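Student: sequence and predicted structure below; questions after.
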Amino acid sequence: MIGLLPDRPQRGESGLRDLERVAKAFDALFAKHCEDVPQGRPTGEKALQSHLISEAYQHDRRLVSINAASKDTDHPVELTFITDEIPVPTETGRIVCDLLALRVDGGRSTPVLLELKDARMLKRLVEQVDAYADLIDEHAESFERLYTAVLGETVEFDAETERWIVWPAAGPGADPREGELAKVGIRVVSYTLDDGGYSFEVGIDRPRCSTCRSPKDVVPVIHGEPTPQAGERAERGEVIIAGCMIDEDSRPWRCRGCGEDFGSLGSGTQRL
């Protein structure tokens, strides 16, 4: 039993196994475990999580605020909330997700992991989202069964897990880290909180390969005189240095998985 109250987000009780008793005494149990209890250590992360889940339950599981914000980008999405706080055992203990969603736009059926933070702790956040997304991909059939059970319809993934992070905005406009994170396959959502509630801005997305449809191995192609930093990134496999000449055959993206160059110059060719 989890409460989504703004002043006591994510307060609740586990171990409620007698469902008949829960149904009969729901109001009293909810008041005891979710309302008439101290919040404990307040965290913006839990408040954000409760807000997104509550919103999804009011809109047929759609994450409407994030979906609407994505309409201002070149790659809008339709995300459907699945569940939260699913622990998965690992060799060193366990790892827990913040939100699991399904991307259902464009005929695709793609798992999406959203990790939430109320502080801009980049390294830790990237490690968390990468580790859990890798587990989803490793155990895709099990997660397909979870998604199927929640939605009541068969879900079969057609792509690897998309990695998203949701954290506080650094200021007005685009997030200063969105380009950097997009190049490693992570999409950024920045949020602000004021008296009117939450507002979101969705960052750029790494495109899918036009041939194999995977986003994981796609890297930007750099045109122009490369800087020493660009050379270092190329050695790490983060970018492709294509030379100084740009012509009608130049492409802004390359898939290292299948070798396909794709896209148009207007969709992100980089000149350094």
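Tutor: Looks like it came in fine. Numbers count the residues shown, from 1 in each chain.
Student: I'd say R120 and A169 touch.
Tutor: No: using CB atoms under 8 Å, R120 makes no contact with A169, being 9.2 Å away. For the C-beta atoms, the positions are set from N, CA and C on the backbone; glycine is no exception.
Student: quick one, which of the two is more surrounded?
Tutor: Neighbour count, other CB atoms under 10 Å: between R120 and A169, A169 has more, with 19 against 15.
Student: give the contact list for that one.
Tutor: D175, S190, Y191, T192, E201 (CB atoms under 8 Å, 6 or more residues apart in numbering).
Student: buried ones among the residues you listed?
Tutor: Buried members of the contacts of A169, scored by 16 or more other CB atoms under 10 Å, are D175, S190, Y191, E201.
Student: regarding the third one, what is its secondary structure?
Tutor: For Y191, the secondary structure call by DSSP: H, G, I helix; E, B strand; the rest coil comes out as strand.
Student: which SS state does P111 fall under?
Tutor: Relying on three-state DSSP, one would call P111 strand.
Student: from memory it sits against L99, does it?
Tutor: No: using CB under 8 Å, P111 makes no contact with L99, being 11.3 Å away.
Student: quick revisit: report the lowest-confidence entry in the buried ones among the contacts of A169.
Tutor: Least confident entry in the buried ones among the contacts of A169, by pLDDT: D175, with 83.
Student: now for the buried ones among the contacts of A169: which two are most distant?
Tutor: Largest separation among these by CB to CB: D175 and Y191, giving 10.3 Å.
Student: what touches both of these two?
Tutor: A169, E201.
Student: mind listing what's buried along stretch 78-90?
Tutor: Of the residues in stretch 78-90, E78, L79, T80, F81, I82, D84, I86, V88 count as buried by neighbour count, 16+ other CB under 10 Å.
Student: just those: which are in strands?
Tutor: L79, T80, F81, I82, D84, V88 (DSSP state E).
Student: tell me the bridge partners for the third one.
Tutor: Following DSSP bridges, F81 is listed with bridge partners A101.
Student: list the contacts for the residue nearest in space to the middle of the chain?
Tutor: By CA atoms, centre = their mean, the chain has its centre lying nearest to W164, at 2.2 Å. Residues in contact with W164 (CB under 8 Å, 6+ apart) are V112, L113, L114, E115, V129, I186, R187, V188, V189.
Student: considering those, which is situated nearest to E153?
Tutor: Lowest distance from E153 to the contacts of W164 (CB to CB) belongs to V112, with 17.2 Å.
Student: could you list every residue that touches the closest one?
Tutor: V112 neighbours (CB under 8 Å, 6+ apart): L79, L100, A101, L102, R103, T161, E162, W164.
Student: go again with 6 Å.
Tutor: L79, A101, R103, E162 (CB atoms under 6 Å, 6 or more residues apart in numbering).
Student: can you check L114 too?
Tutor: D98, L99, W164, V166.
Student: neighbours of the second one, how many?
Tutor: Read that as L99. For L99, the neighbour count with other CB under 10 Å is 24.
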